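In: This is a predicted model, with the sequence first.
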Amino acid sequence: METRIHLFKREIQKRMETAIQYNDEAIKVNNSETIKELMNVIKENFSIFCGEKIIDTSIIENFKKEFNDNDIRCNENSSSGFLLVSDCNIEYINGDTVAYIGSNSCINEVSDNATILSIGENSIINTVFYEATIRFMEHNSVIKTITDNVAIWQMWDCAIIQNLCGNATVWKMKGCSKVQNVRGHAIIQAICENAQIVNMWDNTYASSFLSIICKLHNGAVIRNLSDNSILCAADVSIKPII
């Protein structure tokens, strides 16, 4: 009779057969001799394992004790550890949680030092605040409000932020991604391809590699990186940025 470690390892190996580009990770899985070693490989490569569906809600439920004992959970509120959310609505992700949000999910709030590795197709987060980090927004994902010192690494594939406020920073926008309203001291560092901003207010700043159409209000500024020109509201006079 197979032990739990052998059943679990065999299931992971079977799921990795279609992810042939991840040979290094497959070798680590094959060399794992205990559940803890296998779980450490999963944690170290959580985004890959979730994105390639090497782990999903079904395998976490089938081996629930093993995953929970190693602080990996799915589809529940979380303040620590690793979390996979898929086709589910939950109230919060906070603390030091590292989460991967798959498709068709809704999270009411993300806060503290939580890290969201990816937000998948048609998923929504209502509010992100404090020091949380969003690494990737994609596939029509939506965040309604971002504030405080939140950082967003990249957004693409028609991802939308409705309100970017406080001291939040978006490091890169591309594809057809959109930010509807930028307020406070928020910054967008690089706008590429067909990404767009609709409105900017207050003391916000954005830089773009292409000319973009955006309604500017108050002291909002856009810098065109291709010719170093500065755009501001029609009734505002500013000094050149060097």
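Out: Structure received. Numbers count the residues shown, from 1 in each chain.
In: S105 and I93 touch, don't they?
Out: No: using CB atoms under 8 Å, S105 and I93 do not qualify as a contacting pair, with a distance of 10.7 Å. For the C-beta atoms, the positions are set from N, CA and C on the backbone; glycine is no exception.
In: what do those two both touch?
Out: V85 (CB atoms under 8 Å, 6 or more residues apart in numbering).
In: These two: which has the busier surroundings?
Out: Shown here are S105 and I93; by other CB atoms under 10 Å, I93 has more neighbours (27 against 22).
In: so where's the longest helix in the protein?
Out: helix 4-16 (DSSP state H).
In: which element follows it toward the C-terminus?
Out: helix 23-31 (DSSP states H and E).
In: Now tell me which helix or strand of this protein has the poorest mean pLDDT.
Out: helix 23-31 (a mean of 88; mean pLDDT, DSSP states H and E).
In: Show me which positions of it end up buried.
Out: By 16 or more other CB atoms under 10 Å, the buried positions in helix 23-31 come out as E25, A26, K28, V29.
In: What is the most widely separated pair among those residues?
Out: A26 and K28 (7.3 Å; CB to CB).
In: which stretches of the chain form helices?
Out: Counting by DSSP H, the helices of the chain are 4-16, 23-31, 35-44, 46-51, 57-62, 64-69.
In: Of the ones you listed, which stretch is the most buried?
Out: The highest mean neighbour count among the helices of the chain, using mean count of other CB atoms under 10 Å, belongs to helix 46-51: a mean of 20.
In: Quick one: mean pLDDT for it?
Out: Mean pLDDT, helix 46-51: 95.
In: before we move on, the earlier item: taking helix 4-16 as reference, get the angle to the least confident helix or strand of the chain.
Out: Calculated by axes from the mean of the first three to the mean of the last three CA atoms, to 10 degrees, helix 23-31 forms an angle of 160 degrees with helix 4-16.
In: who are the neighbours of helix 23-31, in terms of helices and strands?
Out: Packing partners of helix 23-31 (3 or more CB pairs under 8 Å, 6 or more residues apart in numbering; DSSP states H and E): helix 4-16, helix 35-44.
In: So which residues make contact with the first one?
Out: When contacts are taken as CB under 8 Å, 6+ apart, the neighbours of helix 4-16 outside the stretch itself are 2, 22, 25-26, 29-30, 32-35, 38, 52-55, 59, 62-63, 66.
In: hmm, back to that, can you say which of the helices of the chain is nearest to Q189?
Out: helix 46-51 (21.9 Å).
In: mind exporting that closest one as CSV, just the C-alpha atoms?
Out: Taking C-alpha atoms only, helix 46-51 is exported to CSV below (Å, rounded to 0.1, in the frame of the first residue of the first chain):
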residue,chain,number,x,y,z
PHE,A,46,4.1,29.0,-5.5
SER,A,47,3.3,31.3,-8.4
ILE,A,48,4.5,28.7,-11.0
PHE,A,49,2.7,25.8,-9.3
CYS,A,50,-0.6,27.7,-9.1
GLY,A,51,-0.3,29.3,-12.5
